[in-house]
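>>> take this sequence and fold it.
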Amino acid sequence: MLQKRVWVRSGVIEVLDEREVRLLNHVYEQIVHYYKNLYGTRPCYRYPLTLSRLMKLCNRSGAAIRKALQYLANTIPLGSHDGTLIFYDRIQAVKNKSHRPYRIFLRQKSDSVHT
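Have a look, this model is predicted:
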């Protein structure tokens, strides 16, 4: 099952194979799971989702998760008029200024980006 996705700002179309589509779906499901079921329930879950926590939830490597995040945050399925599913930012750490951790958020329906 091939899926075509369009990069939001450039309009470039990429074709993803079944394995890549499964990874995107799995990562998105884990992000939704974190914010619906875990966020705010314990002191360790009081912060926004980070790349390292998402790696543990998905049981995948950092490179695979970063690639999936880039696709989820910057592409939409071909023919879709909805916005991207998530967004993330990178902030500077307090102690080590060169360390820039990811903060991953679900996009609300009202703040979607359209092509």
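>>> tell me how far stretch 71-84 lies from the chain's centre.
Relative to the chain's own centre, stretch 71-84 is displaced by 12 Å; criterion: C-alpha atoms, centre = their mean, to the nearest Å.
>>> what mean pLDDT does stretch 36-48 have?
Rounded to a whole number, the mean pLDDT of stretch 36-48 is 92.
>>> which parts of that stretch are buried?
Within stretch 36-48, the residues that qualify as buried by neighbour count (16 or more other C-beta atoms under 10 Å) are P48. Where C-beta positions appear, they are placed from N, C-alpha and C, glycine not excepted.
>>> please enumerate residues in contact with that stretch?
34, 49, 103-105 (C-beta atoms under 8 Å, 6 or more residues apart in numbering).
>>> can you tell me the closest non-neighbouring residue to the residue nearest to the spatial centre of the chain?
Note on the chain: the residue nearest the mean C-alpha position is L69, at 3.6 Å, using C-alpha atoms, centre = their mean. Nearest in space to L69, with sequence neighbours left out and distances taken as C-beta to C-beta, 6 or more residues apart in numbering, is Y88 at 6.0 Å.
>>> what strand or helix carries the one you found?
Taking DSSP states H and E as the definition, one finds Y88 inside strand 86-90.
>>> after that strand, next one along is what?
Toward the C-terminal end, the helix or strand that comes next after strand 86-90 (DSSP H and E) is strand 102-106.
>>> angle of that following strand against strand 86-90?
Computed by axes from the mean of the first three to the mean of the last three C-alpha atoms, to 10 degrees, the angle separating strand 102-106 from strand 86-90 equals 160 degrees.
>>> give me the contact list for strand 102-106.
For strand 102-106, the surrounding residues in contact (C-beta under 8 Å, 6+ apart) are 31-32, 35, 48-51, 54, 69, 85-91.
>>> phi first, then psi, for the residue of the chain most remote from its centre.
The C-alpha centroid of the chain is most remote from K95, which lies 25.7 Å away (C-alpha atoms, centre = their mean). Backbone geometry at K95, expressed as degrees, to the nearest 10, gives phi -80, psi -40.
>>> per-residue pLDDT, it?
86.
>>> mean confidence score for the strand holding Y88?
Per-residue pLDDT values across strand 86-90 average out to 92.
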